[in-house]
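Engineer: Sequence plus the predicted model coming up.
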Amino acid sequence: MSAIKGVLIDLSGTIHIDKKVIPGAIEAIQRLKASEIPFRFATNTTKVSSKQLVDKLTALGFDVEEKEVFTSLSACRDMITSKRLRPFLIMEDAAMDEFKGIDVANPNAVVVGLAPTKFNYEKLNEAFRLLSSNPGTELIAVHKARYFADKDEKLSMGPGGFVQALEYASGVTASIVGKPTTNFFKLALEQINMEDTPEQVAIIGDDVSNDLGGGAKELGLHRFLVRTGKYRPEDSKQDADLNVFESVVEAIDHIIAQYKKP
C-alpha cells in the first residue's frame, strides 16, 4: 500500500470520551504535530459548535487550533448557505452557534443533528408536519450514526434512528452531510491539500461504519480502527482490510514510524 503522508482523526471515542482523555492521546497528538505530517480532526460531533468543541478539547489538555478541526456541522452550514435553505433546526442549544446569521423563518428544510434533549414527540412531530405538508421541503441529517460512546462509556442512541423515523413517517429521504459520505471526506482532504492523493491518507476512528466505511473505503484511505469508544470486538471482523490498533496512540506512532523511513 502507499505510504501515509496525511492523517484524518476522529474525536469522540478516539481521542476522548466526553471529559475523559484516552490515555496517551495528548502526547500522541503532540508527536504527530512535531512530525509535520499534515492532519485534521474530522468529526461528526454535533452537540456543540466548532468553537465550543475546540474550547472543550483545549480544556482537556489538547493543543488544538480551530483550523485543525473539520466538523460535519461546519459542512452542514456550508450546504445550507450554498443552497439558500431556511432550516428548521433540531440541534442542541450549544450547537446553534454554528448557525448564527442563518435565516430560519418560514423553513423549507429540516436539519437534524445529535440532539438528545430535543428528540421528543413534539419536536419530531413539528418536523414531520413541515416535511409532509410542504412538498419540496428537504430533510438533512448532519450524520446518521446508529449510536455513540456516551460519558458513562456505554453506547447511547445516535441521531440515525430519529432521522429514519422522520423518513418513514414523511416519505422524504434524508441527505447526509457528515461521515461516511464521500463528499465529507473530499472536503476534509482538501483541508490538508491531499484531495488528489487520498490513497496516501489514513483515517483513524472508533466507528467501523461512520469513520471507516462509505467514502473512506471508496476513496481508498488507509483505515485504522481503534479499540476505544464505541468499538466492539465484532467490529474488527467486518472488513479484512482494516488495520486495528489498541488506541489512537499506537495508530499515530505507527504512522510516524513509517513516515520517517527513507
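Structural biologist: Structure received.

Engineer: mind listing the strands in the stretch 101-250 of the chain by residue range?
Structural biologist: Secondary structure of the stretch 101-250 of the chain (DSSP state E, counting those that start in this stretch): strands at 109-112, 138-141, 147-149, 155-157, 175-176, 201-205, 222-226, 243-245.

Engineer: so what strands line up beside the first one?
Structural biologist: Each strand that pairs with strand 109-112, with its direction, by DSSP bridges: strand 87-90 (parallel), strand 138-141 (parallel).

Engineer: Mean neighbour count and distance to Ile17 added to those, as TSV?
Structural biologist: Just so you know, the C-beta spots here come from the backbone N, C-alpha and C atoms, and that holds for glycine as well. Formatted as TSV, the strands paired with strand 109-112 follow (neighbours: other C-beta atoms under 10 Å; distance: least, C-beta to C-beta, whole Å):
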stretch	mean neighbour count	distance to Ile17
strand 87-90	22	24
strand 138-141	22	23
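
Engineer: Mean pLDDT and distance to Ala169 added to those, as a markdown table?
Structural biologist: Below are the strands paired with strand 109-112 laid out as a markdown table (pLDDT from 0 to 100; distance: least, C-beta to C-beta, whole Å):
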| stretch | mean pLDDT | distance to Ala169 |
| --- | --- | --- |
| strand 87-90 | 97 | 14 |
| strand 138-141 | 97 | 11 |
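
Engineer: For Thr45, which of those is the nearest?
Structural biologist: Closest approach to Thr45 among the strands paired with strand 109-112 (C-beta to C-beta): strand 138-141, 14.4 Å.

Engineer: which other helices and strands contact the helix or strand of the chain with the lowest mean pLDDT?
Structural biologist: When each helix and strand of the chain is scored by mean pLDDT, DSSP states H and E, strand 147-149 comes last, with a mean of 87. Here strand 147-149 touches strand 155-157, going by 3 or more C-beta pairs under 8 Å, 6 or more residues apart in numbering; DSSP states H and E.

Engineer: Tell me which strands the strand it packs on pairs with, and in which orientation.
Structural biologist: Under the criterion DSSP bridges, strand 155-157 sits next to strand 147-149 (antiparallel) in its sheet.

Engineer: Confidence-wise, which of the strands of the stretch 101-250 of the chain is weakest overall?
Structural biologist: Mean pLDDT is lowest for strand 147-149 out of those, coming in at a mean of 87.

Engineer: contacting residues for Lys230?
Structural biologist: Lys230 sits next to 13, 147-149, 155, 206-207 when contact means C-beta atoms under 8 Å, 6 or more residues apart in numbering.
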